[in-house]
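1. sequence unknown, structure follows:
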């Protein structure tokens, strides 16, 4: 996503399959990165300082369509905004949801966060659409 390069020291004696897998998981960032304890390090170390979170229930029947639209919107902001999926069902994500002062009844929601100054904005959604995501991001960028 951000064309940053990180190298794993392969000369170390303790390099094994588990360490290599962990390194890849921490440093792979897709068009949409799912937030979890493993990817959190890569997200926080990204050179992209603007993060857009889709906080949603992955078990919802609407999830595949939401993700299709979210990925399409991510393409429009490639290199500008890091798009992140936060599954509201994971206990490990409860702090992230509460950080944006959201309750489960307000989800799905978009939360945009500028890391250096912790400026943020939240938009609760009835429906995820490319246009709403694009408008929300553009307003924040301005």
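-> Everything's here; your move. As the structure is a computational prediction, the values presented were derived from the model and not from experiment.
2. Who are the contact partners of the most centrally placed residue in the chain?
-> For the chain, the residue nearest the mean C-alpha position is residue 84 (1.3 Å; C-alpha atoms, centre = their mean). Under the criterion of C-beta atoms under 8 Å, 6 or more residues apart in numbering, the neighbours of residue 84 are 32-35, 43, 51-54. Placement of C-beta: from N, CA and C, glycine included.
3. Swap in 10 Å and give it another go.
-> When contacts are counted by C-beta atoms under 10 Å, 6 or more residues apart in numbering, residue 84 touches 29, 32-35, 39-40, 43, 46, 51-55, 70, 74, 96, 111, 113.
4. now do residue 15
-> Counting by C-beta under 10 Å, 6+ apart, residue 15 makes contact with 8-9, 23.
5. Check which helix or strand it maps to.
-> For residue 15, there is no helix or strand it lies in under DSSP states H and E.
6. Begin at 25 from now on, thanks
-> New numbering, starting at 25: the last item is residue 39.
7. picking up where we left off before, can you flag which of the contacts of residue 39 belong to strands?
-> Using DSSP state E, no member of those falls in strands.
8. Buried ones among those?
-> residue 47 (16 or more other C-beta atoms under 10 Å).
9. For the contacts of residue 39, give me TSV that also has pLDDT.
-> TSV is the format used below for these (pLDDT from 0 to 100):
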residue	pLDDT
32	80
33	82
47	76
